[in-house]
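S.K.: just to be clear, the model below is a prediction. Sequence and coordinates:
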Amino acid sequence: MPFVPHTENEVREMLAVIGVDSVEDLFAEITEEMRPKSFELPEGLSEMDVLAKLEAMAAKNATDRTSFLGAGFYDHYIPAAVDALTMRGEFYTAYTPYQPEASQGTLQAIFEYQTAVTRLLGMECANASVYDGGTALYEALMMAVRKTKRRKIIVSEALNPIYRVMLGSYTRNLDIEFVTVPHKEGRTDIDGLKKAIDTDTAALLVQNPNFFGSINDFTDLFTACREAKAVSIVSAYPVLQTLLKTPGEMGADVAVAEGQSLGLPLSFGGPYLGIMTCTKKMVRQMPGRIVGRTVDSNDRTGYVLTLQAREQHIRRQKATSNICSNQSLCALRALVHMCALGELGLKRAARVSVERAHICAERLTAIDGVDMLTRGPFGNEFAVTLPVNAFEAIAKLTARGFVPGFPLGRYYEGLENGLLVACTEKTSEEQIGIFAEMLKGALK
């Protein structure tokens, strides 16, 4: 017998308040072809049958591909210690640390994570993360809007286009003006960005390395931003920060990153980790949780939520965030990963990734018709132009077990032949050689 919580009279009263005549009217926006055809569910299966069915479905996934796909998400090696430690029940099932007296372990882990990412990015403050790199960029943008009371955002076209789509979605109804400065053959147009900054600018958004893999020093650009009293925001790649000039050294106000490359598997698109750091002058605009270390009345070390400018704690209109899901487990994985590798291990992973990318670039550009698009210094990712549409090459090689990269034509008009290629420390020279020979054959 079904459980029906409302009487017919109650249903009629609610519909009258809403202003519709029937329950069916509530779903008028859903077209007929999109509505469920039936709610007649199949009969249940035994545990053995369910397991066999799921295993057969999982077996259809291609898990043996060699991938040169990056575009913001990278297949770095994850030490076994990361799973061993973070899968412990104390961490894996830990709830949001609202009560510090019952959450000292979780709070300490978050505090250590904040310390690690501020050191990595050369910044002063960090929060306990947001959802992913794109969300972090949006939240940084809103920090700038609140701080400056301005609505104009200068964006480099060499910023990850996936993030730019996210920014457009998040701000669609927020009366924010975006001024996009085009890239120059894959390079960030620093002079163009400088010229675009004016006294109406709330924030400048750039990426290092940029989406095409090109490395930049934004120190002068951030100085120009500061002179206009605008907020400088940079999206960074955490692994390469062990080798590059940090956002803090460049003078950035806010530095964000996608933390997936620090101990999080690619899986099927998540869950990921939005790293957020900033200078002390921006910290009161920062969303999420910030954990601090203090001492109690007996001089014992304790950890607390220092800033909680969320809608659950203060007036809704004054809140800087409505982020409610607990990202602490993802942050913990990043922390354990960084600690397991240490400074030398992180640098080695970054250095090997860069070396492999340069070897790959040499092998690919030795093929007739393949030219470098990325000019100047690049990290573990670079772009090339092919003599054919990149989608064609990707289809041919993927069918043979090699994913050659990301098609730039998906987001950049005029770059239909452009291919973005990434390497990590897991990319062997043998795989690079096979990739080059396969691409050479596909282009004939």
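M.R.: Perfect, I can see it now.
S.K.: give the next helix or strand downstream of the helix or strand where residue 205 lies.
M.R.: Remark: residue 205 resides in strand 201-208, with elements defined by DSSP states H and E. Downstream of strand 201-208, the next assigned helix or strand under DSSP H and E is helix 219-227.
S.K.: I'd like to know which elements that next one is packed against.
M.R.: helix 190-196, strand 201-208, strand 231-236, helix 247-250 (3 or more Cβ pairs under 8 Å, 6 or more residues apart in numbering; DSSP states H and E). C-beta coordinates here come from the backbone N, C-alpha and C atoms, glycine included.
S.K.: okay if I get these as a markdown table plus mean pLDDT, distance to residue 417 and mean neighbour count?
M.R.: Shown next, in a markdown table, are the helices and strands packed on helix 219-227 (pLDDT from 0 to 100; distance: least, Cβ to Cβ, whole Å; neighbours: other Cβ atoms under 10 Å):
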| stretch | mean pLDDT | distance to residue 417 | mean neighbour count |
| --- | --- | --- | --- |
| helix 190-196 | 98 | 24 | 16 |
| strand 201-208 | 98 | 23 | 26 |
| strand 231-236 | 98 | 26 | 29 |
| helix 247-250 | 98 | 33 | 22 |
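S.K.: indicate which one of the ones you listed is closest to residue 159.
M.R.: Closest to residue 159 of these is strand 201-208 (Cβ to Cβ; 4.7 Å).
S.K.: quick check: buried residues in the lowest-mean-pLDDT helix or strand in the chain?
M.R.: None of the helices or strands of the chain scores lower by mean pLDDT, DSSP states H and E than helix 89-92, at a mean of 85. By neighbour count on 16 or more other Cβ atoms under 10 Å, the buried set for helix 89-92 is residue 91.
S.K.: with stretch 428-437 instead?
M.R.: For stretch 428-437, by 16+ other Cβ under 10 Å, it's 431, 432, 435, 436.
S.K.: in CSV, list those residues along with distance to residue 377.
M.R.: Below are the buried residues of stretch 428-437 laid out as CSV (distance: Cβ to Cβ, whole Å):
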residue, distance to residue 377
431, 24
432, 20
435, 23
436, 22
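S.K.: in helices, which of these fall?
M.R.: 431, 432, 435, 436 (DSSP state H).
S.K.: need the contact list for the residue nearest to the last one when sequence neighbours are not counted.
M.R.: What that stands for is residue 436. Spatial nearest neighbour of residue 436, chain neighbours left out: residue 363 (4.0 Å); criterion: Cβ to Cβ, 6 or more residues apart in numbering. Residue 363 makes contacts with 432, 433, 435, 436, as judged by Cβ atoms under 8 Å, 6 or more residues apart in numbering.
S.K.: also residue 346?
M.R.: 239, 242, 338.
S.K.: run the last query once more with 6 Å
M.R.: residue 242 (Cβ atoms under 6 Å, 6 or more residues apart in numbering).
S.K.: and for the one 10 residues further on?
M.R.: With Cβ under 6 Å, 6+ apart as the criterion, the residues that contact residue 356 are 423, 427.
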